[in-house]
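Q: quick check, what structure comes out for this input:
(chains A and B)
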Amino acid sequence: MAKFWEYKLKAETLCLGERVKKDTFRPSVRTIPSTQISGALRHVLGREVWAIGYFDEDYLKAPKVRHMVHAPRDVATGVSKIPLIVEMLEDVRGRVFIEAWAEEPEAEHQRIELVLGAFRTKGLGRCTLCYSPRPVDMDARQGELLSRLPEEDKDKIGIEEVIKPLYGYLFKPDPDPAQYAIGGHYVRALLEGSVVRGYAFIVR
Amino acid sequence: MGENFVPEMHDIGKLINSEAIQAVLDIPLVVELVDLNVARNRLGMPNAPDNEVAQAILDRYKFDGHLLAFRPEEEKGFEKDIPVRLPGPETLTYRAIRAHLDAVGDDTTLADYPMPNDVGKLRLFLLILADHLASSVSRATAERGRGEGRWEVNVLWRGRGPHPTGTVMTIDGLRDMLKFIVADPSAEEFLQKYGPSLRDTPEEKQTPRDATSLHTHVRLVGQFYRVLEANLESATGTLPPMYAETKVESLADAEGKGSEAGKWPYRLLWYRIRFPQALVRARDLNVFILREYCLKSILQQWPDNVLLHTSDGLTLFLPRNLSSSEVLRPLLVEGFFVDGVELVGDLGSLSAERLEEQWLRKRKQALELEAQREQIGKERKLRYAEAAKKGELQDKEQKEAFEKDVIRPLLEKENEYAEQIKRLRGELGQPYERVIEIGPCSVYYRDVAEAETFAPPICELCQLRPGTCGWVPTQRLPVSSYQETDQLVEHLCERCFTIRQMGYPTEEGRPQGKMFHHLEGWSEDDLPVAWVRVSLDHEALGQAIARLFSEHVDRELAGEKEDFREAAKGGLRSLPLKADFVADYRLFLLDFRKQLRELFESERREEVAEMAGYPELYVLQTESGKEVLGIVRAFKEAFERFFPKCRHDSPIKLAISVAAAKHPYIEHWRFLDNPKEAVNIQCVGRASLSVSFEEWGHLETIPLHRRQVSSFLHNLARIEAVTGSRILTQAAFMEQKRRLPDLVDLYTVGGLAVETILAYYKIMRD
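A: Have a look, this model is predicted:
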């Protein structure tokens, strides 16, 4: 059975981007998809890693939402097409669970600084993960999934049975993209709110 | 099966006021109303003259309108009754009216049913099954009501209704009804003639079944009956009937009895209809029209299987082998998905089951506890046997020590579980063990489940399918030509594209999309608009009904023993009550709309989503926070008229989201789709509050017009904006205890959070 380390997440601003709507509005999801947090950790740790997370229930009761207007320029023409309204979350509090590769994280991994989500170049997404040395509840439990992950990864969080799926798709980069291009495809995913039987730490 | 049969009419006799008829009876009337030859036989007076027979009936019998017969006071029974003489030939429907109540028992074999032929016997059998399924209280727990019968429906959420005016109280009314019965009318004719009386008359005069209307009961009986009949596998009109490859001989065979499971499994399902689209343009709101259109298609195709529906949910009664995907197909092919709970059980268990997740969780808990208790019992016996085998129990002291250390803890555990099970059993009702399968489920159209992966772009709205279509706002280009444009393109899948295109020339047979008349103009001027949604929470409705029914039983059966009351509470079947509630909810929506139309003239109002003609979603052009206050007042007043007893746990929620007209709908919809309390308001980017009616009542008392209060709250808002600290705002609030005691009382006595008071101020100050 896999083992997980639990981290507390803090971020001043965060935009875990969804697809742009109406060409001008970019909303943020209200959880931490496994693909996004795993990608960000892979970048900062320089190794293969799988993680998943969610925002604290208290935070989700009254999330601080703000809108930022941003006008992306076409790099070729240097012309801004249309202002983009970006939805960003402030003072975010959450939890991240990293699939462990040792009994305890090494000293340098007790606290991890990383940049997560969209608009990193605009200063969004700076997060701190602090290791929380308490046992992660890995008992099997039925309940609502708190995060979203590709369906193919469901074994990683012990999902034995999907009782009531909420499907969506997550972008998965191709393993060997061209040097300066980001290629990838969409894979079927289980979204938060699906009813599953899986590890207790990720269901409610 | 040939000959006309109207199951809805089985309780037509409940519309007769037996006492009123009895009071005016005299010898000539009795001579007119009964077949005297039958009466002579029953009375054992073969040669008595008419007058004597009639007098004997008046002396020893009582008129029972429900059974259309005179019943002996000393000894009741179908065979002892003297039926009312019909002004024409007996119909099968009439025979069933007479026989459905107590002519047959659970174990009576079908061959012995008092009907003229096999077709009649089968119909009576199915009618009784349907009657049991449609009852508001399970027969398993409370066979009969108690207390004095009342003629008014005891509406749980409003109190007693008006005395039914259409009740048959005169001999002329009775004659008219008997003529109507022999004319062998259709169900539609019956509901048309007696509909208003059925609505005002309770299912049963005695409590606790006086909580539902007869109209709902007979409508459900008709639906259940036709589903049962349509799914018979035996040849038309032959006995014994077969379903699910099983033949049955009696009611107990099909329904089950005690711990014995019945042989006819059926399914009850509650589904909530969801759509994956993010609503970002006005045209995307066509999804509501499409949903309504799909629901209508389902209702047309499966009129009897859909027991209850609202704009976003439906309750189904299905045979075991009929896939719910087939029934829900019109919704699924249009990209909707549904989720909810489904249970499979014999007919008897379904008649006492409830489709709320909370109830299902309790049931699961009870079953787990029973399994654990059984396990501990086995372990205790095994330990004892092992110890005896080893000779460890021969010595008295040894035996006592063994019992104290090993057996007693296990026994205590068993007793503890038994107590918990008893408590849960009381809350659940009896036959819950017999349900075969149970649980949450969701249904998608097959393409969602099949596509494991696809290449970008993805549909921007549903994010479930490839974005193969393009939408260019200025051109609304067809499917394949968008690549030729250099304008901004929204990538949509075919389904979302079709929804957005509704309202333009579309395929034949598809619904016409909504054309907004004013919204565009408001967007151009960027005026503030309020999105207003009223919604009915199914889960909360189930809980509210359970609470109201429990209070109803405690109040109406106060003189009964607690065991009887608990049994009556456990026997609640919420389906008929929910059907009545939804009927009232529709009237409530009309009342609310009427008030909104008075507050907002048509140029400032768009009515968007409708539930079969009953609007639930509005866009209103607002000018100030006071208008928001007006909307809430209108809602609250309408609510008080229809559901005054639900004000503490209202299943009906109001959500208002205010922002400039151009603000993305997705932000509004997120809020409107997830209302937490009875009243929910957000001013996007400024404030948001969710409060109960009681809390809203407190908030309304805040004298915002007082300069002192206004400036204090204004300062508080500034402190919060600058510091972002809740503690500082609370401290500043408490400092004002002397200066503004009434305001601080809202916090200390009213239990309102400072943030809520502040949010209210922010919303109302403009």
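
Q: the closest residue to B:Ala134 other than its chain neighbours: what's it in contact with?
A: Closest residue to B:Ala134 apart from its sequence neighbours, by C-beta to C-beta, 6 or more residues apart in numbering or on different chains: B:Leu220 at 3.7 Å. Quick note: C-beta positions are derived from backbone N, CA and C, even for glycine. B:Leu220 is in contact with B:Ala130, B:Leu133, B:Ala134, B:Leu307, B:Leu575, B:Pro576, B:Ala579, counting by C-beta atoms under 8 Å, 6 or more residues apart in numbering or on different chains.

Q: what about the first one, neighbour count?
A: With neighbours defined by other C-beta atoms under 10 Å in any protein chain shown, the count for B:Ala130 comes to 25.

Q: which element, helix or strand, includes it?
A: Per DSSP states H and E: B:Ala130 is located in helix B:118-133.

Q: now that helix - C-alpha only, CSV.
A: Extracted C-alpha coordinates of helix B:118-133, given in CSV (Å, rounded to 0.1, in the frame of the first residue of the first chain):
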residue,chain,number,x,y,z
ASP,B,118,-60.2,-13.9,-13.6
VAL,B,119,-59.7,-10.4,-15.1
GLY,B,120,-61.6,-8.9,-12.2
LYS,B,121,-59.6,-10.8,-9.7
LEU,B,122,-56.3,-9.8,-11.2
ARG,B,123,-57.4,-6.2,-11.4
LEU,B,124,-58.4,-6.2,-7.7
PHE,B,125,-55.1,-7.8,-6.8
LEU,B,126,-53.1,-5.1,-8.7
LEU,B,127,-55.3,-2.4,-7.3
ILE,B,128,-54.7,-3.4,-3.7
LEU,B,129,-50.9,-3.6,-4.3
ALA,B,130,-51.0,-0.1,-5.8
ASP,B,131,-53.2,1.2,-2.9
HIS,B,132,-50.6,-0.1,-0.4
LEU,B,133,-47.7,1.5,-2.4
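
Q: and the helix or strand just after that helix, which strands flank it?
A: Tracing the chain past helix B:118-133, the next element assigned as helix or strand by DSSP H and E is strand B:154-155. Here strand B:154-155 is paired, per DSSP bridges, with strand B:159-160 (antiparallel).

Q: and the partner strand, how far from the chain's centre?
A: Taking C-alpha atoms, centre = their mean, to the nearest Å, one finds strand B:159-160 lying 19 Å from the centre of the chain it belongs to.

Q: what's the biggest strand by length in chain A packed up against?
A: If you go by DSSP state E, chain A has its longest strand at strand A:84-99. When contacts are defined as 3 or more C-beta pairs under 8 Å, 6 or more residues apart in numbering or on different chains; DSSP states H and E, strand A:84-99 sits against strand A:4-14, strand A:25-26, strand A:51-55, helix A:57-61, strand A:64-70, strand A:126-132.

Q: which strands border it, and is each parallel or antiparallel?
A: Strand pairing for strand A:84-99, using DSSP bridges, gives strand A:4-14 (antiparallel), strand A:25-26 (parallel), strand A:51-55 (antiparallel), strand A:64-70 (antiparallel).

Q: lowest average pLDDT across the helices and strands packed on strand A:84-99?
A: The weakest mean pLDDT among these belongs to strand A:25-26, with a mean of 76.

Q: neighbouring contacts of it?
A: A:Cys15, A:Gly17, A:Glu18, A:Val20, A:Leu84, A:Ile85, A:Val86, A:Glu87, A:Ala118, B:Val280, B:Pro664, B:Ile666.

Q: next: stretch B:171-190.
A: By C-beta under 8 Å, 6+ apart, the list of residues contacting stretch B:171-190 reads B:4, B:6-9, B:12, B:15-16, B:21, B:24, B:29, B:33, B:65, B:68, B:84, B:86-91, B:93-94, B:97, B:168, B:193, B:222.

Q: let's see that with 6 Å instead.
A: For stretch B:171-190, contacts defined as C-beta atoms under 6 Å, 6 or more residues apart in numbering or on different chains pick out B:Asn4, B:Val6, B:Glu8, B:Met9, B:Leu86, B:Pro87, B:Gly88, B:Thr91, B:Tyr94, B:Val168, B:Gly222.

Q: residues contacting residue 6?
A: Looking at chain A here, since you left the chain open. Residues in contact with A:Glu6 (C-beta under 6 Å, 6+ apart) are A:Phe97, A:Ser132, A:Val136.

Q: wrong chain, I was asking about chain B
A: With contact taken as C-beta under 6 Å, 6+ apart, B:Val6 is in contact with B:Thr93, B:Ala187.
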